[in-house]
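Visitor: With the sequence up front, the predicted model follows.
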Amino acid sequence: MTADLPAATVDPTAGDPTMGSGIQPSAGSIYDLGYRHYDGPRLGRRHVLTALLIYTLRTTYGIGRGGRAKIIPFGLAAMGVVPAVIALAILVLARQAGEAGELLEEASPLRYDSLYGAIAQLVFLFCAAQAPELLGKDQRFHVLSLYFSRALARSDYVIARVGGFAIAVLLLVLTPQAIVFFGRVLSAPDVVAELGDNLPVLPAIIGQGLLTAGLLGAIAVTVSAFTPRRAYATAAIIAVIVVPPIIAQLADEITRPELARWAVLASAQDVLSATNAWLFDVQPDSDAVISAALSPEIYLATAVGAILVLGAILVRRYQRISA
Amino acid sequence: MTALVSTSALTKRYPGVTALDDLSVDIEPGIVGLVGSNGAGKSTLIKILLGLVDLTSGSARVLDLDVGVEGPRIRQYVGYMPEHDALPPDQTATDLVNHLARMSGLPATAARERTAEVLRHVGLYEERYRAIGGYSTGMKQRVKLAQALVHDPRLLLLDEPTNGLDPGGRDEMLGLIERTGTEFGIAIIVASHLLGEIERVCDFLVAIEGGRLLQAAPLGTLTGRTGMVAVEVEDGEAALASELAGRGLPVTRDGRALLVEIDAERGYDEVRDAVADLGLALVRLEPRRRSLEDLFRDDAPSAPAVPSATTSGRVS
């Protein structure tokens, strides 16, 4: 197909021995190397998508940007690690205390199943702060026209942006779990036995991590896509994540239970609390979820369905956005 | 040889406004000026060629590829410099251009090399490691040109590249464009509302107005051979005017200068001789080119038929 295209008509290096590859080094001269055409590979869609995804992940943590861009993401990530470190400290102390320590360990409020709840607020803040930064900037400064005038498809832009951001959130929520997991295993007297004890909980950790990152990431990115203004996007994300649980709680308390049962599904926080309880096989930490008494599959379907619907809204939004 | 860009009855309607109306034009490789006043449809045409905007009816082909069907493939071989600001302020030029090179499908190493090369070409050196937010308008325009060049396109689409630049900056940008077109051998379509500027670098001109094609012809036929010279002498304009009229050259007055219509046989020499015979002091003798405004006038003489340009669009 390249043969169909009009070839470059001028080769600037042709016939000039000082240009191109045939440079003769000589003392004190500055060479204008001339323009060299690029005849290397032009990689396809998958490569471009991966590059944008990795770039998105880096940008979300402010890597490759100035120092100030790193304060919020790394600050929140550091705070997210605190509960895990405390959990680990309790564990190590308990193990040193021997028999008596087992009671202490049982009583520790920080375990695999409660860790997500403990850092939930940080995850909301991370989403509300970083998603508008990512998407709003491309709109505010019209960078989209530079993306969309390239081979990149608009839907690929969406996939890479959502994917990269979800992975960034996933790192945020999985890091504390990983600290607790490896801390437990490596601090045990019998590492292999401890690993065997802890492995069964891995699917729950990863499953809940994926649901949290997917749902909150999709909400944050979708809301951000609709306004170039960062402050509006941040406020809207907080509203979408924080207000529904309050409504669900109010509905639970003041209206007929039948309505409250379904209102809880509008609250991402409560849905994630329910899937967390289901995956780790514990009691939900949200009253609204407990009194709604819906079957766990409904919450799972809601979470997965919401991610897909939000993705579709995003793709549609970017098909129509003018660049 | 297939045309670089070819449109046929291209029409684009937005709700309530027709941006392009039955536009048919073939454009050959070279540096092509796309002139028209603001709102004439220049940006819309460029965006349609890029596949960024859907056309309402008609068809358009770029590099012999259909814009409606093969947009992504076209965009792989086309570089676009938008009219408006398009640069994030918190990134360095190197960072941004490198990233956009990756977005054009260049492998990481090649992207880095090409980034360094094009930034050097557009004249950004040490400042390329600073955040774009602190750049002058001229530097920002250079970054925009660099990102359009980084993947070594066959065709560059430049939308008002001299926007917001001071006269010095305009000269430099035009020089860069000329160099890119002639030395690098990249075909360029440059949109501008300033004919005087664009005619310095272009060899073909496409003029549109109100979404319709006015003219599509080599630059010379539109602005060069107007056969008009301005003569300025110290005193004695009246004598010169009658002398020239006596030699059968139509003369009109334009302020202090006399505008003389000449033709191929009786050119500058005739005017010079007239001045010399009268013993007048010649201050200025210069070709007066037809202005963009003349192109848009109804009575503008139509350009000679050019094989490469089909002007089916009616002249409004």
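Guide: Sure thing, it's come through.

Visitor: show me where chain B has strands.
Guide: Applying DSSP state E to chain B gives strands spanning B:5-14, B:17-27, B:31-35, B:57-62, B:65-66, B:78-81, B:155-159, B:187-192, B:204-209, B:212-218, B:228-234, B:251-254, B:257-261, B:281-287.

Visitor: Pipe those into a markdown table and attach mean pLDDT per row.
Guide: Formatted as a markdown table, those follow (pLDDT from 0 to 100):
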| stretch | mean pLDDT |
| --- | --- |
| strand B:5-14 | 93 |
| strand B:17-27 | 92 |
| strand B:31-35 | 93 |
| strand B:57-62 | 94 |
| strand B:65-66 | 93 |
| strand B:78-81 | 96 |
| strand B:155-159 | 96 |
| strand B:187-192 | 95 |
| strand B:204-209 | 90 |
| strand B:212-218 | 87 |
| strand B:228-234 | 83 |
| strand B:251-254 | 81 |
| strand B:257-261 | 82 |
| strand B:281-287 | 82 |
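
Visitor: pLDDT value on residue 15, please?
Guide: Because you didn't say which chain, this covers chain A. A:Gly15 carries a pLDDT score of 41 in this model.

Visitor: try again with chain B
Guide: Per the predicted model, pLDDT is 91 at B:Pro15.

Visitor: for chain A, what are the low-confidence residue spans?
Guide: Chain A contains residues with pLDDT under 70 at A:1-33, A:99-102, A:104-105, A:255-257, A:323.

Visitor: Out of the strands of chain B, which is closest to B:Leu149?
Guide: strand B:78-81 (5.6 Å; C-beta to C-beta). Heads up, the C-betas are built off the backbone N, CA and C, glycines and all.

Visitor: What's the end-to-end length of stretch A:182-196?
Guide: Start-to-end span of stretch A:182-196 (C-alpha to C-alpha, to the nearest Å) is 12 Å.

Visitor: Can you give me the buried ones in it?
Guide: For stretch A:182-196, the neighbour count (16 or more other C-beta atoms under 10 Å in any protein chain shown) marks A:Gly183, A:Arg184, A:Val185, A:Ala188 as buried.

Visitor: contact partners of that stretch?
Guide: A:Ala84, A:Ala87, A:Leu88, A:Leu91, A:Val92, A:Arg95, A:Asn198 (C-beta atoms under 8 Å, 6 or more residues apart in numbering or on different chains).

Visitor: can we see that at 10 Å?
Guide: Outside of stretch A:182-196, the residues within contact range by C-beta atoms under 10 Å, 6 or more residues apart in numbering or on different chains are A:84-85, A:87-89, A:91-92, A:95-96, A:112, A:181, A:197-199, A:201.

Visitor: so A:Ile179 sits in a helix?
Guide: Yes: with DSSP: H, G, I helix; E, B strand; the rest coil as the criterion, A:Ile179 is part of a helix.

Visitor: For A:Val173, see how far away it is.
Guide: 12 Å (C-beta to C-beta, to the nearest Å).

Visitor: Likewise for B:Leu280?
Guide: The value you get for B:Leu280 to A:Val173, if C-beta to C-beta is used, is 89 Å.

Visitor: more neighbours, these two?
Guide: A:Val173 (26 against 18; other C-beta atoms under 10 Å in any protein chain shown).

Visitor: element containing the more buried one?
Guide: helix A:154-187 (DSSP states H and E).

Visitor: Downstream of that helix, the next helix or strand is which one?
Guide: helix A:191-198.

Visitor: That next one relative to helix A:154-187, how many degrees between them?
Guide: If you take axes from the mean of the first three to the mean of the last three C-alpha atoms, to 10 degrees, helix A:191-198 sits at 130 degrees to helix A:154-187.

Visitor: Tell me the helices and strands packed up against the next helix-or-strand element following helix A:191-198.
Guide: Sequence order places helix A:202-225 as the next helix or strand after helix A:191-198, per DSSP H and E. When contacts are defined as 3 or more C-beta pairs under 10 Å, 6 or more residues apart in numbering or on different chains; DSSP states H and E, helix A:202-225 packs onto helix A:112-140, helix A:154-187, helix A:230-254, helix A:268-280, helix A:296-320.

Visitor: Could you tell me which residues of the stretch 51-200 of chain A lie near chain B?
Guide: By the rule C-beta under 10 Å from any C-beta of the partner chain, the part of the stretch 51-200 of chain A lying against chain B is A:51-52, A:54-55, A:59, A:62, A:64-66, A:68-69, A:133, A:137-138, A:140-154, A:156-157, A:160.

Visitor: mind checking pLDDT for the residue of the stretch 201-316 of chain B found nearest chain A?
Guide: Closest to chain A within the stretch 201-316 of chain B is B:Asp203: 12.4 Å, counting by C-beta to the nearest C-beta. B:Asp203 is assigned 89 on the pLDDT scale.

Visitor: these two touch, right, it and B:Val190?
Guide: No: using C-beta atoms under 10 Å, B:Asp203 is not in contact with B:Val190, being 11.4 Å away.

Visitor: Between these two, tell me which one has more neighbours.
Guide: Neighbour comparison, B:Asp203 and B:Val190: the larger count goes to B:Val190, with 28 against 15 (by other C-beta under 10 Å).

Visitor: Appreciated, that's everything.
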